[in-house]
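Chemist: give the three-dimensional model of this entry:
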Amino acid sequence: MRKTLAQAKNSTIPQAVGLATCDDRFLQLLNEAQARLADMGKWWGTYKKLRVCVTAGCITWPREVKTIEAMNVCGYNIPIQNQWYEFQTDERAPRTGCGREGCEQDQLLDRGMVTQFRDSVGNCYIRVQPQLTADAGKRVLLQGLDPNGNPIRTLDTVTGEYVWGEYVTLPNPAVTAYVQTVNLFKQPGLTGAQKPLTQGSLTILAYNQTTTLQTQIAVWGPSEQNPEYRRTYLIGMPEVCGGTSGCNAEAQNDCIDHGDGCVPADENCTNTVVEAIVRLDFIPAVVDSDWLFIGNLQAIKHMMKAIQKEDRNQYTEAEREIQLALRSLRNELETYSPNERTVVNVQVWGSAKIQYRLGGFI
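Modeler: Okay, here's the model as predicted:
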């Protein structure tokens, strides 16, 4: 069950760890405990189902997505590959652009991490637009390459030191809508960014001075400090290359979204809707109304005590607390998602579609 930071403060956790809720160390310890538990398993509430309207094969996932565990397109399961898949020694890497040979298998390929959800159009200046007046005066470091392909490096007038990238100071949105970089950033845009905790979101825009085109390339949340998002490439999207439709273009276009029975169809999506089970990335709690990533307060309490004991070199007692935390999470997972309901699908003749398996006989 979901819990807020305020509920954690009002629980027995502060007494168990010997820290007042107003002590900065309490929040630091609580978030560290959540982060460690998040990496120890797929616990209840740490994964969810997403339905995404896809307009192109390149997908930049939301901040909350850590790993794509499974994906369906038009009811068909899509194999998910890691970055090493395209570097096999015994099999040719799949073609991702024009010139795909025949009907290559649809796959989801990993494309690493990016700082923005959309690429800029041409070489652009970067504009940062704050949401709230409370963030005026805060500084954001934007990193990227100049039009010659060299990393941008500037003198920080506040510290007197050279830094990779360019600092911009957020304006008062009631007076000035945005602040623009002095340097021109090479397409596709940002390679990194560092921002402080803010009260509101920051909208990032790429402005092409030649075409006067302004493109929204990112929206960074208040608690984001090093924005980074998972990016993948979906082979088999109905894209047109040089006037020739892709292998699965007709089949994909005929796939109509009827919703999933609870979530209605997205009437604004005129393209392909993909469904995915994703493992969520840990987002630290900052204010009392924030949801905790791990909703099991008992597990959080044991992990916070374990971290304290590790800091005192009491590793045997710390390991005991860790096991108590994991047991609490396993019990919760068993309650909400019983093991006996786990689906095991064994395909004796392989995972290919039936028309492909019997293509040589019918």
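Chemist: residue 49: neighbouring residues, count only.
Modeler: By the criterion of other Cβ atoms under 10 Å, residue 49 has 12 neighbours. (Each C-beta comes from the backbone N, C-alpha and C, glycine too.)
Chemist: need the pLDDT of it.
Modeler: Per-residue pLDDT puts residue 49 at 92.
Chemist: tell me the helices and strands packed up against the helix or strand harbouring it.
Modeler: Element membership of residue 49 [criterion: DSSP states H and E] is strand 47-54. Where contact means 3 or more Cβ pairs under 8 Å, 6 or more residues apart in numbering; DSSP states H and E, strand 47-54 is packed against strand 272-280.
Chemist: what angle do the strand it packs on and strand 47-54 make?
Modeler: Compare the direction of strand 272-280 with that of strand 47-54 by axes from the mean of the first three to the mean of the last three Cα atoms, to 10 degrees and you get 150 degrees.
Chemist: close enough to count as contact, residue 37 and residue 294?
Modeler: Yes - between residue 37 and residue 294 there is a contact at 5.1 Å, judged by Cβ atoms under 8 Å.
Chemist: on that earlier part again, C-terminal to the strand holding residue 49, what's the next element?
Modeler: Downstream of strand 47-54, the first helix or strand assigned by DSSP H and E is strand 58-60.
Chemist: per-residue confidence averaged over that next one?
Modeler: When pLDDT is averaged over strand 58-60, the result is 89.
Chemist: then stretch 2-22?
Modeler: pLDDT averaged over stretch 2-22 gives 95.
Chemist: leaving out chain neighbours, which residue sits closest to residue 330?
Modeler: Closest residue to residue 330 apart from its sequence neighbours, by Cβ to Cβ, 6 or more residues apart in numbering: residue 41 at 7.9 Å.
Chemist: what residues are up against residue 173?
Modeler: Applying Cβ atoms under 8 Å, 6 or more residues apart in numbering to residue 173 gives the contacts 129-133, 136.
Chemist: what of residue 322?
Modeler: Taking Cβ under 8 Å, 6+ apart, we find residue 322 in contact with 302-303, 306.
Chemist: one more time with 6 Å, if that's ok
Modeler: Residues near residue 322 by Cβ atoms under 6 Å, 6 or more residues apart in numbering: residue 306.
Chemist: tell me the secondary structure for it?
Modeler: helix (DSSP: H, G, I helix; E, B strand; the rest coil).
Chemist: swap in residue 217?
Modeler: Recorded secondary structure, residue 217: strand (three-state DSSP).
Chemist: quick check: residue 120 touching residue 206?
Modeler: Yes - counting by Cβ atoms under 6 Å, residue 206 is a contact partner of residue 120 at 3.5 Å.
Chemist: give the rounded mean pLDDT of whichever strand or helix holds residue 110.
Modeler: In this assignment (DSSP H and E), residue 110 forms part of strand 108-114. For strand 108-114, the mean pLDDT works out to 91.
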